[in-house]
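Chemist: Any chance you can model this:
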Amino acid sequence: MKPTRLSISQIFCCFLPVICLGCLCLPSAVAQSPAPADAPATLTDTTGIRLQLIAAGSVTLGSAPSASLAEPEEQPQHEVRISQAYYIGVTEITQKQWFSIMGTRPWRTSWNTPRLYVTEGDNYPATWITWPEARTYCQRLSAHEAAVYRLPTEAEWEHACRNGSATAWSFGDDNSVAADHGWFRQNTVTDMYSLRPREVGGKAPNSTGLLDMHGNVAEWCFDRFRTYPLNDLSEPPTTLGVLRGGHWFVTHDHGRSATRDRLRIRRRLGSAGLRVVRELPQKEAPPAPSASPAPAPAAAPPAPVAETAPSPVPPNTATSPSGQSADALVVGSQPSAEHPGGSLAGPGCCTPVPADTLHCVPAGPFLRGPRCRIPLIPVLW
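Modeler: Modelled structure (predicted):
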C-alpha cells in the first residue's frame, strides 16, 4: 500500500488545536503559585503553635460599594499580590504560648477581680496585648524557634481567611450560621460575667483549616492603618494599628472577612490578641565555583558577640510599608506597663484621668465615638 504524504498545511492544521490549547492553559499555569513541594502542609513548633501553609497568590481586599455591610475604610476594592507562601497560626496565640515566651500575663488587669473580660486558662487567647508587645513576642519567638515569626500583613490575613471566597464571611453570606464559625455578641453575651473571649478552636474552621478567623478576639496585623488601596504607597500610614476578624464584643456584621478595625498601638483592650505568621526559609543560591581556589589565610578567632533576637523581616508583599524596616515601624519597641499610675486618654476619647478611676474604651468596633465607664459597671455597646 502506498503511504500517504501529508502537506505542510495539513500538518499545521493537525497541530493547531494542540497549540491553541497550550496557549489557553499557559496563563492559568503561570498565575498559579503553589507552595514549595518540600514544605509540609502543617507543622507544630516547640511552643505548641500549630501552623497551616498558605500558598502565594492574589487576594481582593475590601468590599464592593454595592455590599450592604460595606464600611468606608473597606473601599475601594483592590487586588494585592502575595509573592511568597507562608505559614499562619491555626488559632490565636493562647495564654500558655504567650507566657512560655514572654513570662508575662498582660491579661491580669483590674478586671480579673470581678471576672470580667478575661478567663485565665492555657487554651484561652492571650488578650490585653499592645502592638509593640505583639511585635516583641514575635521577635523572641523567632529566636526561640530559629525561624522568622511576625504578625501577618492585612493582605496575608485576608488571603488566609478568604481562601478564594468573595463572600462577606469565609463561610458565605448567610449570617444565620455565623454562630457556628465564631464568637460574637449574639452568642456570647448573656450577662455581665459572659463578657469575655472563649477558648480557641471551639468553632468550625474555614476552608483553609484555620479557626477563629471570625470573632473571639481581634488580631493585630503587621501594617499600620492606611486608607485603601494598600498598594498606593503615596498614602502615608497613620499612627494607628490594624486589627482583623472582629471579636466577642461586637456583632457578626463587624467580623466579616473585609472588616478593618483600628486602634492606637499602645492601647490595651480585652478583645485584642494576635495570630502569627512563620516565614518559609529562603533558599540561598549555591556559590559559584572558583577557578583556582587558594588556601585561606589563618585568622584570629572572632570575638564573642552577644546574641540578640532577630528582627522580623518585612513581609514580601505589596502591603510592605514602603520599604521601611520592621523596626522602623515600632514606636518604642520594648514592652512596658502602660500608664503606671498615670492616665488614660486617646484621640477623641476621654479627658485624662487616673487610670484606676475611669476606663475609656472607644465605642463601636473600636473608634466610632468614645464612651467612658466606671470600673465594675460594664456597659454593652
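
Chemist: who's in contact with stretch 189-199?
Modeler: The contact list for stretch 189-199 (Cβ atoms under 8 Å, 6 or more residues apart in numbering) reads 115-119, 121, 123-125, 127, 183, 188, 216-217, 247-249, 270-271, 273, 378, 380. Placement of C-beta: from N, CA and C, glycine included.

Chemist: Please report how far the spatially closest residue to residue 122 that is not a sequence neighbour lies from residue 47.
Modeler: Closest residue in space to residue 122, ignoring its immediate chain neighbours: residue 96 at 3.8 Å, by Cβ to Cβ, 6 or more residues apart in numbering. Distance check for residue 96 against residue 47: by Cβ to Cβ, to the nearest Å, it reads 8 Å.

Chemist: For the stretch 251-381 of the chain, give me the ranges with low pLDDT.
Modeler: Residue ranges of the stretch 251-381 of the chain with pLDDT under 70: 283-381.

Chemist: how about 90 then?
Modeler: Judged by pLDDT under 90, the stretch 251-381 of the chain has its weakly predicted residues at 252, 281-381.

Chemist: that older thread, the residue nearest to residue 122 and residue 49 touch, don't they?
Modeler: No - under the criterion of Cβ atoms under 8 Å, residue 96 is not in contact with residue 49, lying 10.4 Å apart.

Chemist: Tell me which of the two has more neighbours.
Modeler: A side-by-side neighbour count of residue 96 and residue 49, using other Cβ atoms under 10 Å, places residue 49 first with 23 against 14.

Chemist: For that one, list the residues it contacts.
Modeler: Counting by Cβ under 8 Å, 6+ apart, residue 49 touches 89, 93, 97, 276.

Chemist: ditto for residue 220
Modeler: Remark: with contacts taken as Cβ under 8 Å, 6+ apart, residue 220 is in contact with 129, 131, 134, 151, 241, 242, 243, 272, 273, 274.

Chemist: With residue 216 instead?
Modeler: With contact taken as Cβ under 8 Å, 6+ apart, residue 216 is in contact with 92, 125, 182, 183, 197, 198, 200, 203, 245, 247, 248.

Chemist: Near the first one, how many other residues are there?
Modeler: The burial metric for residue 92, expressed as a neighbour count using other Cβ under 10 Å, is 25.

Chemist: Point me to the helix or strand that includes it.
Modeler: Using DSSP states H and E, residue 92 falls within no helix or strand.

Chemist: just the third one next, same as before
Modeler: Here residue 182, judged by DSSP H and E, is contained in no helix and no strand.

Chemist: shouldn't it be in contact with residue 212?
Modeler: Yes - Residue 182 sits in contact with residue 212 when judged by Cβ under 8 Å, with a separation of 6.5 Å.

Chemist: any residues in contact with both of these two?
Modeler: Applying Cβ under 8 Å, 6+ apart, one finds that residue 182 and residue 212 are jointly contacted by residue 203.

Chemist: Pull the helix or strand that residue 140 is a member of out as PDB, backbone CA atoms only.
Modeler: In this assignment (DSSP H and E), residue 140 forms part of helix 131-145. Coordinates of the C-alpha atoms in helix 131-145 are reproduced here as PDB (Å, rounded to 0.1, in the frame of the first residue of the first chain):
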ATOM      1  CA  TRP A 131       1.000  46.200  69.100                       C
ATOM      2  CA  PRO A 132       4.600  46.700  70.300                       C
ATOM      3  CA  GLU A 133       4.200  43.700  72.700                       C
ATOM      4  CA  ALA A 134       2.900  41.600  69.900                       C
ATOM      5  CA  ARG A 135       5.900  42.500  67.800                       C
ATOM      6  CA  THR A 136       8.300  41.700  70.700                       C
ATOM      7  CA  TYR A 137       6.700  38.400  71.200                       C
ATOM      8  CA  CYS A 138       7.300  37.500  67.500                       C
ATOM      9  CA  GLN A 139      11.000  38.600  67.800                       C
ATOM     10  CA  ARG A 140      11.500  36.400  70.900                       C
ATOM     11  CA  LEU A 141       9.700  33.500  69.300                       C
ATOM     12  CA  SER A 142      11.900  33.900  66.200                       C
ATOM     13  CA  ALA A 143      15.000  33.500  68.400                       C
ATOM     14  CA  HIS A 144      13.400  30.600  70.300                       C
ATOM     15  CA  GLU A 145      12.500  28.600  67.200                       C
END
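
Chemist: quick one: the strands in the stretch 101-250 of the chain?
Modeler: If DSSP state E, counting those that start in this stretch is used as the criterion, the strands of the stretch 101-250 of the chain fall at 149-150, 218-224, 240-244.

Chemist: Can you tell me which of these is packed in deepest?
Modeler: Most buried of the strands of the stretch 101-250 of the chain by mean neighbour count (mean count of other Cβ atoms under 10 Å) is strand 218-224; its value is a mean of 26.

Chemist: what about residue 58, distance to residue 74?
Modeler: Applying Cβ to Cβ to residue 58 and residue 74 gives a distance of 18 Å.

Chemist: Please disregard the earlier target; I meant residue 110.
Modeler: As defined by Cβ to Cβ, residue 110 lies at a distance of 35 Å from residue 74.

Chemist: who's more crowded, the two?
Modeler: In terms of neighbours (other Cβ under 10 Å), residue 74 is the more surrounded of residue 110 and residue 74; the figures are 20 against 12.

Chemist: Residue 118 is in contact with residue 109, correct?
Modeler: Yes - judged on Cβ under 8 Å, residue 109 makes contact with residue 118 at a distance of 7.3 Å.

Chemist: For burial, what's the neighbour tally of residue 253?
Modeler: 18.

Chemist: follow-up on the earlier one: ok, the contacts of residue 220 vs residue 260, which is closest?
Modeler: Set against residue 260, the nearest of those by Cβ to Cβ is residue 242 (6.2 Å).
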